[in-house]
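# I would like to see how this sequence folds:
(chains A, B, C and D)
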Amino acid sequence: MENLIALLIAAPLLGAAVLLVGGRRLDAVGHWIGTALAAASFVIGLVLFADLLGRSADQRTLTQHLFSWIPVAGFQADATFRLDQLSMTFVLLITGVGSLIHLYSVGYMEHDERRRRFFGYLNLFLAAMLLLVLADNYLLLYFGWEGVGLASYLLIGFWQHKPAAATAAKKAFLVNRVGDMGLAIAVMLMFATFGTFAFGPVFSHVGDASEGRLTAIALMLLLAACGKSAQVPLQSWLGDAMEGPTPVSALIHAATMVTAGVYLIVRSAAVFNGAPGAQLVVTVVGAVTLLFGAIVGCAKDDIKKALAGSTMSQIGYMVLAAGLGPIGYVFAIMHLVTHGFFKAGLFLGAGSVMHGMNDEVDMRKYGGLRKYMPVTFITFGLGYLAIIGFPGLSGFFSKDRIIEAAFAKGGTEGWILGGAALLGAAITAFYMTRVMLMTFFGEKRWQPDENGTEPHPHESPGVMTIPMIVLAVGSVFGGAFFSIGDRFLHWLEPVTGHSEGNSPLSAWTVTAATMVCLVIGVAAAWAQYGRKPVPVVAPRGSLLTRAARRDLLQDDFNHVVLVRGGEHLTRSLVYLDHTLVDGVVNGTAASVGGLSGRMRRLQNGFARSYAVSMFGGAALLVAATLLMRAV
Amino acid sequence: MNPVNYLYLAALLFTIGATGVLIRRNAIVVFMCIELMLNACNLALVAFSRMHGNLDGQIIAFFTMVVAAAEVVVGLAIIVSLFRSRHSASVDDASLMKL
Amino acid sequence: MSAVAVHSLWTTAADPISKIDAPKIEYGQLSPTLIVVGAALVGVLIEAFVPRKSRYYAQVFVSVVALCAAFAAVVALAADGYGTTRARIAAMGAIAVDGPSLFLQGTILLAALVGLFTFAERRLDPAAHGNRVDSFAAQAASVPGSDSEKAAVKAGFTTTEVFPLLLFAVAGMLVFPSANDLLTLFVALEVLSLPLYLLCALARRKRLMSQEAAVKYFLLGAFASAFTLFGIALLYGYAGSVSYATIAQVVDGNVPRLDPALANTMGNDALLLIGAAMVVMGLLFKVGAVPFHMWTPDVYQGAPTPVTGFMAAATKVAAFGALLRLLYVVLPGLRWDWRPVMWAVAIVTMLVGAIVAITQTDIKRLLAYSSIAHAGFILAGVIATSREGVSSVLFYLAAYSFVTIGAFAVVTLVRDAGGEATHLSKWAGLGRRSPLVAAVFAVFLLAFAGIPLTSGFAGKFAVFKAAAQGGAVPLVVIGVISSAIAAFFYIRVIVLMFFSEPRSEGPTVAVPSPLTTTAIGVGVAVTVVLGVAPQYFLDLANQAGVFVR
Amino acid sequence: MSFPLLTATAVLPAVGAVATAAVPAARRTAAKWLALAVSLGTFALAVAILVRFDPGGARYQLTESHSWIAAFGVRYELGVDGIAVALIGLTALLVPFVMLAGWHDADPLETGSRRWRPTQGFFALILALEAMVIISFEATDVFLFYIFFEAMLIPLYFLIGGFGDRAHEHGEKAASTQRSYAAVKFLLYNLVGGLIMLAAVIGLYVVAGSFSLTEIAQARANGSLHMATGVERWLFLGFFFAFAVKAPLWPLHTWLPNAMQESTAPVAVLITAVVDKVGTFAMLRFCLQLFPEASKWATPVILVLALISIIYGALLAVGQRDIKRLIAYASISHFGFIIMGIFAMTSQGQSGATLYMVNHGLSTAVLMLIAGFLISRRGSRLIADYGGVQKVAPVLAGTFLIGGLATLSLPGLAPFVSEFLVLVGTFTRYPAVGVVATFGIVLAALYTLVLYQRTMTGPVRKEVSAMPDLRVRELVVVAPLIVLLVFLGVYPKPVTDIVNPAVKQTMSDVHKTDPKPEMEAAK
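Sure, this is the predicted structure:
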């Protein structure tokens, strides 16, 4: 049975290879090949899932050893896969949502002549992402880690002829590389500490390592997670990543890849448990990001950027939960899954809207679309209810548990973190309501674009709506399904471990508080965008708003400090290399030449001066010889 | 009389000759100065020969004269041809090749 | 009274004259020199009695035969073991017949032979009035540009005296390294110099420069030999003898019979040191070591190129041979005094030669300076004062001389209206116009630069290795640095030939007769063979590395 | 006496070179095919070496030993260990591709004298260079190695100075002067290095009385040959200087950008991918084996220099306007990694370094050759003159991107394996150095992606609008290399198996063992 694991990856990998090498002759069918292989991978996933369910809780870890990847004395990196409850969850999420989004893309990319390549990249991404979650050691995980980075680079920059897209892609890759550096160093630290970096041995020997080492490793892992999951301070790339096609945003930058950081932390639970200091940092990062993202989300008029901010914020929740340790791991993953459903759904909805609006992304140019695209409206609406945590929908369950856990951390930290989470919930309600109102309610605000074509909003074709409906269903019932009887908890517990924290507040109090925040948020949004019409041109807005529009000035900081500074550094280095390092060499040559020129003049052509030099030479010779005897 | 004085004389002549080579322009004169140096050598040789009481030195002196004669032949030939083509026997005029 | 009685009144009978025992000369062992001298004399007679038209052929024939015969004699002697086991002193102590002298004589003879070919070349200059002419003046006596010269050219005269002159010079060179007393040394020095002075004056083109070169060479050479002679006098004064062996004994302080005069002069080291320094100076002048090098560039540039090549090669060989013998046989007892001085000389020679060459613009001057630098390298080997030192120097000289002759032979090929185009700017793009010639010259340059797989590298390595083993590591380092500097200008020429655009009014490359071709071919062959498989010749040099005393 | 495989591998291209040079001017194409055939034959022999080589066997295999110059104590001694085998394989593999890539680079523009045969010269020189490089990988006699280490400068010098980008043929005058400057700079730099090494070689002989690597190493091992500390250090420096110039190591690197910028892409590949490897290879084989103590003594300084090379090279690559210069500085950065791995004195580091030599050869070849194709199309080396190429020539852009990704050592492509090994190997012994070096991977991503973005993406510039995509010949050159990159990235075991034993030997030469993991150290 475990031999199937490789097939999970092989299927989409094959697809990528065929589609990218195949060339034009596959243009006609390429997208269906891609979709089919993604679906195949999903089916295999289901088979394995069934197999796992068939086993007892402690028998649910399958490993498949393919070959020895990098064998060097003392350094063994194997191509080994590990399928357990945690990776199974991800496999299903990735392949499932992935397949749906493939399907959606068939419609969405219909008019793009490079559609085949698009599907090739999507398959490549699936393969890399599956490798990431199935790897049995950190180096193989790193393989997948950078693989998804590459896929995201290719897909963000898919419309390479748009300079903005190319730049965004580069930025995403670079920021991620900074995170990857962390992962690389973490692997080195593990090797230096344990002499290996395979999951099993590392986790079992955590006890033998000093806490200092563990903290270092954990922090490096966190750095990696920040890069991949767009957590402060490495979050700047996610907003720009929205330059990519919307299905990409849905799959990679909402549902799956960006959550890899959470996976990394939860996977390395053993390490983090051994490093409380690092865990605290994790929670702080999570809390800061969830507020950061939420605030940014409030200010954006670009629907995708608004959703990106929300993604950031939701992942902040997950990281916060993961930082809480055994109390939170399970809920982090649970929220991750539910978020996968409703955020993917929301993005697909946004994509559908853009599809109908000539790729217009400015919400201020929407309005009243509910009449024109009902299916999109309903599915998007359900996703909206889910994310703000409307009682009974999936977001309600998963987010609520995280907030509880935050309080359960106890002590002042608990209060602060919990408070942050609650505040986040309120803001979430606000900005999502804002998006909802500006897009689907109010009067129509769109005008003809520069070349005079009036957008004719219309509902999207079936290939696009079906995935949206499926995801909507998921986002409605997912949470309930997982939580009732703690199904998800029991499923995941053997891997991550779980402990009930001792919350100062009862579960009901927390829930009540959440509800209050929710209502406040919605009301505020209604007051601003529901009652009075939305201006087409954005008002100047408060200082905070303007800062938030600019991602809280974080890009400007990067630009001034890193970009400008870097340019100056390189330019001056180039200058130095030319003048100093090379100058020394050329200078030596020149000086020898000059010396030569000067000595050359002694040869003045007069026989008598030659005689003089001979005479002097003779005298010197004699003198020297005598001197030698003297000394 | 102490033969060493002859050596001093020889050294003196040699130096005079050398100085002449360094300061005189006319090729012929320069050449004569060289001859003077050679003869200084002869003097020294003979003096030493006397000191050591063997004849080697004197024999060498004879050889030297012959060599000097040969040198004169060659030297004058060259100098004269130079003079005829340049209408000057100055060593300094002959400085086409330099640097 | 009897007649006798009467006679005895005013006369007394003197003692009967005692017999002078005639010197015994080992003609066999001196045969190489004797053959060459004889041939030279024959050459003179040819000039006197053979009709002008056929002189050239007669001279070339005689010279070639003589040189080959002499070389055969050398080989025969070496085969008889005179180089090693039966090494001895001949001609009543005047001449040493041993490894170094035989090896060097062989080298000189071969070099002379190859040089002779370039002397005899008659295809390069355009035929004047239907007569093929070589690179020597039609009539040396005639004034440049005068009617008599034109007449001589019209009549198709050529100075066939160059061949006897060459042979005389060779004779002197053969004796020079094997001279075993100071007198022979001096005579040999003059015998090899005087013909060269004349040869320098005999260029067909650019005669003014040629004569100027001759004058400079002559005056400075005579000046130098005067010093040598004075040095000889002083050494004689010190040791009471001019034979190397005796002087060496006296220097070492173990003399068979000590007479008061000798005891008196022996005490006076000044005589010894000054004398030695002056003799050495004379030899350093011949090898062109700094600061006695200044004649080299001018003479090399002015002299007819074949002469330059021959001079640069053979003279250096002979002079270094003499220097080696002097330092190793006569003055080993003095090496603590002369080694530091020679160190200094070697260092400045290497550096000056290499540095000044960088800015040269005339190919012949360039090669002149490179020869100076090489003199420095060879001195490094001389200083080693070890058997390795000797053999390395011998090998280096053999390797170097053929490269030099070959290089100058190539120079004779590149010509324009004014004869040889020696200005570097004219060599631009030669590699495109005639790749073969350029490639050959490049090979020689690389050999000069001491790039591996050429004889230059093998020689340089041998010399530096000997020096290092002799403890002269700093000398090796400086040598290495200066060869790096030297590499620069060799490369400059290569760049010029291959990488720069050909000039429109560039020079033409004359198609030589088999003579020059042979000369160049031999040069290349030796360069490559000594570079790739030097073993045999190194062994030879190694066997020959022992002086007899 | 079995068949002298090693000699044959070196002699075949040498003979081929002569033959190619002899082909008459008119038969240009014949010469090309001849040269290509010879290079393929050489590759076959290299494969034979690979097959005959037994990783578990003796240290030096297929050895040959003949007396050569007894007077200098020089023997003609050949022998290969795993490292040499890998590099010989790389060389023999790359040369045919290089030839194909430069198929038209040496076609004469103006027909000069009828004896002027640039094409024949070009291919003959390449073969000659190959022969010299191969034999210097095989030589186990210091003198023999030195001879070819020096001699290989000459053909390369003519390749650099004699053949430039078609791009710059207009304004040939200026271009040729720049070219000869670059060539002279290259030659002098390396000649100085080599001559200083010559002094050290002589010194070594004076001290050891032999040139045989194996003899000396044994003598050093069993203590029969003792070197005074000072002497050993001086000799080491003499050797290392030459290798550092060749490698090149900061601050001796300035010849490389000029040389690579001015020479045609294939020649540039020969420089970085093949010839420079001789330098790093020699560090591993000669410096460490002959002077273990001195090597350890010098390690700190060398590591710092290597670190500077890594960061400095990468930063300068970011600042370049010229595509080839950029690649050159990237290579400098990579050589920093290689040298760091060698002197980290851990088996991961040294295996990684060896692997790195091979992988860097492949990746640079891909990147540089495609850059060459690009330049030959547009006629300019300036990054600013390009834009939007991927729209008109997607395959070219795609392969170029793959080359770039290899350069920034993306997992799945060969360079990642080696780079990570080097980093780990360094980190375990010198954590700080390892961490700083890791910044290199970020900078690598920066310069690669900037290059790709500026040339390939964005709106199509009109100058490139008519640019044809890769031709068949060019695809034939690039595709196999890319396949190899991927294969060795996923399954490097074949190479590591060959390399590991040799590295183990080297480690024992310097009496070093890998540092223990903290965990075990604690116990």
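# ranges for the helices of the stretch 51-200 of chain D?
Listed in chain order, the helices of the stretch 51-200 of chain D (DSSP state H, counting those that start in this stretch) span D:82-101, D:118-138, D:142-151, D:153-162, D:172-208.
# can you say which of those helices is nearest to chain A?
Closest of the helices of the stretch 51-200 of chain D to chain A is helix D:172-208, at 7.6 Å (criterion: CB to the nearest CB). Just so you know, the C-beta spots here come from the backbone N, C-alpha and C atoms, and that holds for glycine as well.
# show me what the closest one is packed against.
Packing partners of helix D:172-208 (3 or more CB pairs under 8 Å, 6 or more residues apart in numbering or on different chains; DSSP states H and E): helix A:582-601, helix C:455-469, helix C:473-499, helix D:142-151, helix D:153-162, helix D:213-221, helix D:229-246, helix D:255-262.
# may I see the buried residues of that helix?
Residues of helix D:172-208 classed as buried by neighbour count (16 or more other CB atoms under 10 Å in any protein chain shown): D:175-176, D:179-208.
# for the chain, which spans come out with low pLDDT?
Unless you meant another one, I'm taking chain A. Low-confidence segments of chain A (pLDDT under 70): none present.
# actually it's chain B I care about, not the one you picked
B:1.
# in it, what residue is nearest chain D?
Taking CB to the nearest CB, chain B has B:Leu99 as its residue nearest chain D, at 23.3 Å.
# check contacts around that residue.
By CB atoms under 8 Å, 6 or more residues apart in numbering or on different chains, the contact set of B:Leu99 is A:Arg600, A:Arg601, A:Gln603, A:Asn604, A:Gly605.
# at 10 Å instead, please
B:Leu99 sits next to A:597, A:600-605, C:297-298, C:356, C:359-362, C:365 when contact means CB atoms under 10 Å, 6 or more residues apart in numbering or on different chains.
# would you mind measuring from the closest residue to chain A within the stretch 151-300 of chain D to C:Ala78?
Going by CB to the nearest CB, chain A is nearest to D:Thr254 of the stretch 151-300 of chain D, at 4.3 Å. Plainly put, D:Thr254 is 53 Å away from C:Ala78 if you go by CB to CB, to the nearest Å.
# the closest residue to A:Thr80 other than its chain neighbours: how many residues sit nearby?
Spatially, and ignoring its direct neighbours in sequence, A:Thr80 is nearest to A:Asp136 (4.0 Å; CB to CB, 6 or more residues apart in numbering or on different chains). The number of residues packed near A:Asp136 is 22, by other CB atoms under 10 Å in any protein chain shown.
# surely A:Asp136 is in contact with A:Thr196?
No. A:Asp136 sits out of contact with A:Thr196 when judged by CB atoms under 10 Å, with a separation of 11.4 Å.
# so the one residue in chain B that gets nearest to chain A, which state does it fall into?
Nearest residue of chain B to chain A, counting by CB to the nearest CB: B:Lys98, 2.9 Å away. When classified by DSSP: H, G, I helix; E, B strand; the rest coil, B:Lys98 comes out as coil.
# contact partners for the spatially most central residue of chain C?
Nearest to the mean C-alpha position of chain C, by CA atoms, centre = their mean, lies C:Thr315 at 1.0 Å. Residues in contact with C:Thr315 (CB under 10 Å, 6+ apart) are C:108, C:111, C:169, C:172-173, C:176, C:192-193, C:196, C:286-288, C:371, C:401.
# for the residue in the stretch 451-600 of chain A that chain B sits nearest to, give me its contacts.
Taking CB to the nearest CB, chain B has its nearest neighbour within the stretch 451-600 of chain A at A:Arg600, 5.4 Å off. Applying CB under 10 Å, 6+ apart, one finds that A:Arg600 lies in contact with B:Lys98, B:Leu99, C:Pro297, C:Ile355, C:Val356, C:Ala357, C:Ile358, C:Thr359, C:Gln360, C:Arg365, C:Tyr369.
# what do you get for C:Phe103?
Shown in contact with C:Phe103 (CB under 10 Å, 6+ apart): C:74, C:78, C:83, C:177, C:317, C:321, C:390-391, C:394-395, C:397-398, C:537, C:540-541, C:543-545.
# same question, A:Gly530
A:Thr433, A:Arg434, A:Met436, A:Leu437, A:Met438, A:Phe441, A:Gly442, A:Val522, A:Ala523.
# so how far is chain D from A:Val473?
The gap separating A:Val473 from chain D is 37 Å, by CB to the nearest CB, to the nearest Å.
# chain center to the helix or strand hosting that residue: distance?
According to DSSP states H and E, A:Val473 maps onto helix A:462-483. Distance of helix A:462-483 from the chain centroid (CA atoms, centre = their mean, to the nearest Å) equals 23 Å.
# stretch C:209-216 now?
Here stretch C:209-216 is found 19 Å from its chain centre; the criterion is CA atoms, centre = their mean.
# buried stuff in it?
Of the residues in stretch C:209-216, those buried (16+ other CB under 10 Å) are C:Met209, C:Ser210, C:Gln211, C:Glu212, C:Ala213, C:Ala214, C:Val215, C:Lys216.
# neighbours of C:Glu47, how many?
Residues lying near C:Glu47 (other CB under 10 Å) number 17.
# same thing with C:Arg335?
Counted with other CB under 10 Å, C:Arg335 comes out at 14.
# name the nearest residue to it, ignoring sequence neighbours.
Leaving aside its sequence neighbours, C:Arg335 sits nearest to C:Thr385 (CB to CB, 6+ apart; 5.5 Å).
# if anything else comes up later, I'll come back, but that's it for now.
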